[in-house]
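1. sequence plus the predicted model coming up.
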Amino acid sequence: MNIKNFLEKGFLISPDAIKILKDEENNNIQHINKKILKENLVVLNKDIFNILNNGRDIISINWREFERSKTLVEKGKNNKIYHTFLDLLNYEEKKEKLNKILEEVQKPEQIKNISIEKPLITPSVVVLKSYNKEPKKREVGHFVKHFKVRYDKIKKILLIHQSVQDIISIGKTKLKQEKEQTSIIGLVENKVITKNGNVILTIEDPTGQIKVLISKNKGDLFETSKDIVLDEVICIKGVMGKDILFAQKITFPGIPLNRELKKSPDEIYALFISDIHVGSKSFLQSSFLKFVNWLNGEEGDERIREIGKKVKYIFIPGDLVAGVGVYPGQEVDLDIPNIKEQYESLSNYLSKIPKDISIIIAPGNHDATRLAEPQPTLDKDLAKSLWDMQNVIMVSSPSLVNIHSSENFPGFDVYMYHGSSYHYYKSNVEKLRLNKAHENPTIVSEFLLQKRHIAPTHEATVYIPDDEEDPLIIDKIPDIFVTGDHHHSANSMFNNINIISCSCFQKKTEYEEKRGYEPDPGMVPVLNLKTREVETINFA
């Protein structure tokens, strides 16, 4: 009956778990059943069952990739990825065991007698999220379901806030009396400034719409209202008027304060580059070769060369090549007019990088994939030379990967996004415009992290509506958030998240010249995973 119970709920049972399920008592099965319903688990195998059976919750990972890694083990091809997944899932248990060992030590000198195996310092990359759904026909209904999914997901994030309480649906606000306290969660359908200078929002949820007034006399609240953008999901607390809510408090999904600042036990480095634009006449070949030579210990002073030896991860969030037909008349700007040859040229450069460095690649708007977000991985035929490289990991934009996990360390979650939506917010959000966000894109990253979405506004970017999920939601808070596209190197720390904006390897273009943009090519941010400090190395 236990096996039948799982099958009826849509779970596949791996053969190695069947015997365990037969032997387990019904009450324990019910306990496990409740846990797996929280996740998008498809296959229940022995390893997952044992983790659940230990009385612990499981972290959210890409279960599809988990199953693929298990298949590789069964085929005898590769077991490293699967065991890295298990390390992530078992991390809390292993940490508890290590803490118990250390608690038994009464004197510092006794620590010498404890044998704790030190993990090998080798690159570890696990793809937690990368969009890879097959294309299909889209209709108006897909947009409706897409926004409904977004509302439901971000509502759950908002409900975690201690200040978000006593929420009612918008439909039930009609039952409220005037001057009665009311709290709602809804999507911003419209935002206007009245003749008197007040802000009026139209907020909607699945049950209806309501107008919300934010008075210009409300000081900080009115300033907060300037950060509200269309189509984001927020919580508003206020008092009821006649068919209107007078706002007293606005809550964004946000990032919790006082988050743990994870630090690696090893002095290992991750670096971030993008917008290489190989194939363009303005590609800075000499600067890029300096960068490659540095990684081989052939560039820079002794201290800088030592850092280069400890680099184990390179992130490239898009625009690896110049592309073809990206804008009218682009052919006159190209040194290599064939996009496949552009990727082959890039792979020749990257092949010179030491093979013990993992290179994680996401696409950009110049690359060989669709423009609509989420952008899937690079085309396997046009970018075959990169796909064939053993130390290259391809992901979508956006994506989430975990790096440098080990038996006793959970690793770092890195969110990668090329950054196409940023141009909209730089121009349309007053705070970002006044703070010259085009020169420091990290403040746009901080702004969108507060929204927990990289492109909440419908017109901010071209996107594919998904009726099952909104892949542009930032549901899992990363340790590192990296973007490209802007040709500006910058970094900041926001609620213990390293925010990285990549530079480029392309000299100033005519487009940038016309708009007064000043790129800073050849600037490479390098993150020390042990200290979480960033140093920028200049290869220009």
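-> In hand now; what should we look at? Numbering: from 1, shown residues only.

2. top helix in this structure by residue count?
-> helix 140-158 (DSSP state H).

3. distance from the chain centre to that helix, please.
-> Relative to its chain's centre, helix 140-158 lies at 18 Å (C-alpha atoms, centre = their mean, to the nearest Å).

4. and what of stretch 231-242?
-> On the basis of C-alpha atoms, centre = their mean, stretch 231-242 sits 28 Å off its chain's mean C-alpha point.

5. got it, and stretch 138-147?
-> How far stretch 138-147 lies from its chain's middle: 23 Å, per C-alpha atoms, centre = their mean.

6. need the contact list for Asp413.
-> Asp413 is in contact with 128, 400-402, 476-480, counting by C-beta atoms under 8 Å, 6 or more residues apart in numbering. All C-beta atoms are positioned from the backbone trio N, CA, C, and that covers glycine.

7. ok, now Leu432?
-> Per C-beta under 8 Å, 6+ apart, neighbours of Leu432: 425-426, 443-444, 447.

8. so what touches the helix or strand that Thr182 is a member of?
-> Assessed by DSSP states H and E, Thr182 sits inside strand 181-193. Applying C-beta under 8 Å, 6+ apart, the set of residues contacting strand 181-193 from outside is 147, 150-151, 155, 158-159, 164-170, 173, 176, 199-205, 209-210, 228-240, 245.

9. among those, name the buried ones.
-> 147, 150-151, 155, 158, 164, 167, 170, 173, 199, 201-205, 210, 228-240, 245 (16 or more other C-beta atoms under 10 Å).

10. can you tell me which of those are in strands?
-> By the criterion of DSSP state E, membership of the buried ones among the contacts of strand 181-193 in strands covers 199, 201-205, 210, 233-240, 245.

11. closest one of those to Lys355?
-> Val233 (44.5 Å; C-beta to C-beta).

12. distance of that closest one from His453?
-> 8 Å (C-beta to C-beta, to the nearest Å).

13. joint contacts of the two?
-> Shared contacts of Val233 and His453 (C-beta under 8 Å, 6+ apart): 150, 154.

14. beta partners of Ile499?
-> Phe481, Ser492 (DSSP bridges).

15. out of the contacts of Leu432, who's the most crowded?
-> Val444 (26 neighbours; other C-beta atoms under 10 Å).

16. contacting residues for that residue?
-> Shown in contact with Val444 (C-beta under 8 Å, 6+ apart): 422, 425-426, 432, 437.

17. show me what contacts the residue nearest to it when sequence neighbours are not counted?
-> Of all residues not flanking Val444 in the chain, Tyr422 sits nearest, at 4.7 Å (C-beta to C-beta, 6 or more residues apart in numbering). Contact analysis of Tyr422 by C-beta under 8 Å, 6+ apart lists 437, 441, 444, 483, 485-486.

18. any idea how far Lys263 is from Tyr422?
-> 29 Å.

19. for the closest residue in space to Arg138 that isn't next to it in sequence, grab phi and psi.
-> The shortest distance from Arg138 to any non-neighbouring residue, by C-beta to C-beta, 6+ apart, is to Pro465 (5.9 Å). In terms of degrees, to the nearest 10, the main-chain angles of Pro465 are phi -70, psi 130.

20. contacts only, for Pro465.
-> 138, 142-143, 145-146.

21. just Thr369 next, same as before
-> Residues in contact with Thr369 (C-beta under 8 Å, 6+ apart) are 363, 375-379.

22. rerun at 10 Å
-> 318, 362-363, 375-379, 382-383, 396-397 (C-beta atoms under 10 Å, 6 or more residues apart in numbering).

23. over to Asn528?
-> Residues in contact with Asn528 (C-beta under 10 Å, 6+ apart) are 263-264, 267-270, 307, 310, 534-535.

24. specify the beta-bridge partners of Val199.
-> Beta-bridge partners recorded for Val199 (DSSP bridges): Ile193, Ile214.

25. what of the one 5 residues further on?
-> Partner residues in beta bridges with Glu204: Leu187, Gln209, with DSSP bridges as the criterion.

26. any idea how far Tyr463 is from it?
-> Relative to Tyr463, Glu204 is positioned 20 Å away (C-beta to C-beta).

27. again, but for Asp319
-> 19 Å.

28. now the residue most central in space within the chain. Nearest residue, chain neighbours left out?
-> What sits nearest the mean C-alpha location of the chain, by C-alpha atoms, centre = their mean, is Tyr415, with 2.8 Å. Leaving aside its chain neighbours, Tyr415 sits nearest to Pro478 (3.9 Å; criterion: C-beta to C-beta, 6+ apart).

29. now the stretch 401-540 of the chain, which segments are flagged as low pLDDT?
-> Scanning the stretch 401-540 of the chain for pLDDT under 70 picks out nothing.

30. name the SS class of the residue nearest to the centre of the chain, please.
-> Under DSSP: H, G, I helix; E, B strand; the rest coil, Tyr415 falls in the strand class.

31. need the contact list for it.
-> 128-129, 317, 398-401, 445, 449, 454, 474, 476-483, 497, 499.

32. go again with 7 Å.
-> With contact set as C-beta atoms under 7 Å, 6 or more residues apart in numbering, Tyr415 has these partners: 398, 400, 474, 478, 481.

33. helix or strand next in line after the lowest-mean-pLDDT helix or strand in the chain, which one?
-> Counting by mean pLDDT, DSSP states H and E, the chain has its least confident helix or strand at helix 91-103, which shows a mean of 48. Per DSSP H and E, helix 91-103 leads on to strand 125-130 as the next helix or strand towards the C-terminus.

34. show me what that following strand is packed against.
-> helix 80-89, strand 399-403 (3 or more C-beta pairs under 7 Å, 6 or more residues apart in numbering; DSSP states H and E).

35. widest-spaced pair of the contacts of Asp413?
-> Val401 and Ile477 (14.4 Å).

36. which of the two has more residues huddled nearby?
-> Val401 (26 against 18).

37. my read: the more buried one touches Val127, true?
-> Yes. Assessed by C-beta atoms under 7 Å, Val401 is found in contact with Val127 at 5.3 Å.

38. cool, thanks, signing off.
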